[in-house]
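Asks: Using only what follows, build the 3D model:
(chains A, B and C)
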Amino acid sequence: MSVAIRLERCAKTFANGARALEPIDLSIVAGETLVLLGPSGCGKTTTLRIIAGLEEPDSGGNVFFDDKDVTRTPVEKRSVGIVFQSYALFPHLDVAGNVAYGLRIRGESRERLRSRVNEMLALVRLTELADRKIDQLSGGQKQRVALARAIAISPRVLLLDEPLAALDAKLREHLRAEIRDLLRRVGITAIYVTHDQAEAMTLGDRIAVMNAGRIEQIGTPLEIYRMPKTQFVAEFVGNVNRLPDGTLVRPEDVLIAANGAGEMHGKLRSIAFLGDRLRLVVDGCAEDGLIVDTTERVELAIGDDVSLQIRPGARVRLQ
Amino acid sequence: MIFTNARYASSLVSTIVLSLSVTVAAVSLSTIAGFFLARSSFPGRAFLVSMLTLPLAFPGVVVGFLVIMLGGRLGIVGDITQFLFGQRVVFAYSITGLFVGYLYFSIPRAILTIMAAVETLDRSREEAARSLGAGHIAVARDVILPGLAPALVATSAICFATAMGAFGTAFTLATDLNVLPMTIYTEFTLYADVAVSAALSVVLGAVTWVALALARTVAGSTVAAAG
Amino acid sequence: MRALGFAFSFTLTLGLCAFMIVPIGMSILAGITANYFVGPSGGLTLSWVQQVLSLYLPSIVLSLMVAFTTLGIDLAAGVPFAYVLARNTGTLSRLAEELLSLPIAIPGLAIALGLIITYGTFREFRASWLFIVVGHVLFTMPFLVRSVVAVMRSIDLPVLEESAASLGASFLQRFLGVIVPNSLGGIVAGALMVFTLSIGEFNITWMLHTPLTKTLPVGLADSYASMRLEVASAYTLVFFVVITPVLVALQRFGAVRVRGT
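Replies: Residues are numbered from 1 along each chain as shown, chains lettered A, B, ... in the order given. Below is the predicted model:
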């Protein structure tokens, strides 16, 4: 039911000359959730739209669904489910009507339609709101309707374009987990576009970090975070310190040494309480201030001498 | 009193019928052309748009004159039909001429309003429908037309209101067809019957105002008519 | 299938354009042709245009005068009024907006009748061109106010005013120095609309005019009724020449949107 997807040499130049995507190759395993992560303008949405069939890759590029070339297949024939950033719900239909739309187009029978719609609404927990008009829904509810509508047609792949971008932080966190559970339950191949690194880490089986139309690195969240291949990747997924010898280290891997017996020494420039940790900036260890995140409840004042130790194995050397 | 007089009643009715038919024709044609122009890009598109909307400022008299250019005794349509069928068709001074004239000043307004509305359409809805399997006809039926509905109602109301109040065109074409503004005019100038012409004006104004108010409530925005 | 739809729409659009343009072209041609029956092969001439100017120059001039005066009054009264409407969202202002749409709904004929009935007894006023100006102001004011209100509502007026006031500007300084410049788009668009409407206005003016206060469109109707086709066409050509620059400017300002928001 869900497919493996392959992109070969797909590039995209728009009519106004803008080069959105350099030729990329991408292989997605059936049933996995791949996150396209990157800043705005990096080409992640363009890649998604090429997979959807809403954009055609420049000549020479091809899209395969399970070894079948779908490059020339229009979107209405590709059986892809899309969740848009703006949800794109149909305002003149109610919730049930929206979810049923794809099935109605396919000419499903009335009973089959109703049972499928109920199944979908139960999946996203919106059963009580079946008759509600779209403009009476909250952002989070609209997003769930969009999800239900996209999944209702049993698509071969689910494409999500920054679906949580329009929601506030708390709701985003909550829905992030819901979507992850839903994707796991449904078991469908999913491609998720976001610029939010926390979302990427939570949802992705693998993450493709993109920059300026290119894929910089693909890997599991752990690989991306602990073994970044480029400076860009290292900096995009979290804070990172550059040591004098050229290696990188994450703030949480810089430990405060007991009794001043660390390998590095410096003076404390600033200290900020972030709730779940303390963030220290130490001068004298690296070119710029060294950022140290600690969960230890230390008593330090600005100007104090600080002794630091790097966690064994946590240094990152870039290729 | 006004309504019992057959002449006034028929004048009102024929004006309404004419205005309604022109509205239907103008809005349908303009929807197709307006959507096409708003969504396509080809060399000369901007030129076509400005050509279509230039006649907006023409007073009714000019429109009437242009109808005569098209379908009068020396009109170009007559030349064409003479060439093709050996029979000269003259329509300017009949109800066809009036219809054509009204269509002429209605289309620019309608096209502009509709083009503006098409530009505000949420294209991701169309993409969503397509991703769910809808072909072009289904997308037009299920997404585009519902999306344009308020604008279409507003446009229809403007067209109707403008056609109802049009005077200059009918005046120039000098048909014996009685549209209400002409009746009002003749009552005032020929018969110096101020009371009747005032009363008829009120009726005309009321019908028009109702149409516009209807459009405003449906469309939620303000509409304008001139002509 | 897709190509068929494209071809159909394109042909229809072209057809509509032809419908719009061909008569205009014919009319312009007729105005500069020596003899309409013979056609362009009989030679082109500007003599008809000259004849029009000699016969109707006063009407053309009067139209311009009326248009500019109408514009002046509309701006002076309309912009402040628009400001009041934009700032207040109470029921009174909504009522005012409904009233504002009345002149648009009432056919020109009725407005003219109303004016005559009300002011017809003031002999001198009735016979002067200012009478026509009043009719034009009544008719065009709503368009200007609409256009300006739309723009004023789209910018954050209270915030702008507060920051100007906090920097020491008096109300007049704020109005002229901050509010007006920021609403310029709507003001210019509205002004062009008013000018266009006034120049082309016929329905009201026809009822209000006297033989001494004939405007351009009135003269046009006159020429259609009593003059040679070539003269009428030449007069129409003069009208096109006067109005086209204004229309082009209107389109440039994106304001030929007869919707108003």
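
Asks: drop to CA atoms for contacts and neighbour counts, all remaining ones
Replies: Fine.

Asks: Does C:W206 touch C:V218 like I think?
Replies: Yes - counting by C-alpha atoms under 8 Å, C:V218 is a contact partner of C:W206 at 6.1 Å.

Asks: Of the two, give the one with the bigger neighbour count.
Replies: C:V218 (26 against 22; other C-alpha atoms under 10 Å in any protein chain shown).

Asks: Was I right to think that one contacts C:M207?
Replies: No - C:V218 is beyond contact range of C:M207, at 9.8 Å (criterion: C-alpha under 8 Å).

Asks: and the end-to-end length of stretch A:86-96?
Replies: Terminal residues of stretch A:86-96 lie 19 Å apart, using C-alpha to C-alpha, to the nearest Å.

Asks: Could you check it against chain B for contacts?
Replies: Yes - judged by C-alpha under 8 Å from any C-alpha of the partner chain, stretch A:86-96 comes into contact with chain B through A:86, A:88-90, A:92.

Asks: In that stretch, which residues are buried?
Replies: Residues of stretch A:86-96 classed as buried under the neighbour-count rule (16 or more other C-alpha atoms under 10 Å in any protein chain shown) are A:86-91, A:93-96.

Asks: Repeat that for stretch B:44-51.
Replies: For stretch B:44-51, the neighbour count (16+ other C-alpha under 10 Å) marks B:48-51 as buried.

Asks: Which of those residues fall within helices?
Replies: B:48-51 (DSSP state H).

Asks: Switch those over to TSV; also include pLDDT and distance to chain C.
Replies: Output for these, formatted as TSV (pLDDT from 0 to 100; distance: C-alpha to the nearest C-alpha, whole Å):
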residue	pLDDT	distance to chain C
B:L48	83	7
B:V49	83	9
B:S50	79	8
B:M51	80	7
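
Asks: helix or strand right after the lengthiest helix in chain A?
Replies: When chain A is parsed with DSSP H, its longest helix is helix A:169-186. Using DSSP states H and E, the helix or strand that follows helix A:169-186 towards the C-terminus is strand A:189-194.

Asks: Neighbouring strands of that next one in the sheet, and parallel or not?
Replies: Partner strands for strand A:189-194, per DSSP bridges, with pairing direction: strand A:33-37 (parallel), strand A:157-161 (parallel).

Asks: angle of that strand against helix A:169-186?
Replies: Per axes from the mean of the first three to the mean of the last three C-alpha atoms, to 10 degrees, the angle that strand A:189-194 makes with helix A:169-186 is 170 degrees.

Asks: What average pLDDT does stretch A:181-200 get?
Replies: The average pLDDT for stretch A:181-200 rounds to 93.

Asks: Equivalent analysis for stretch C:121-132, please.
Replies: The pLDDT scores in stretch C:121-132 average 81.

Asks: do the same with stretch B:28-40
Replies: On average, stretch B:28-40 scores 91.

Asks: Around chain B, which positions in the stretch 1-150 of chain C sit nearby?
Replies: Residues of the stretch 1-150 of chain C lying near chain B (C-alpha under 8 Å from any C-alpha): C:6, C:9-10, C:12-13, C:16-17, C:19-21, C:23-24, C:26-27, C:101-102, C:104-110, C:113-114, C:143.

Asks: Just to be sure, which of these are found in helices?
Replies: When the residues of the stretch 1-150 of chain C next to chain B are checked against helices (DSSP H), the matches are C:6, C:9-10, C:12-13, C:16-17, C:19-21, C:23-24, C:26-27, C:102, C:104-105, C:108-110, C:113-114, C:143.

Asks: Okay then, goodbye and thanks.
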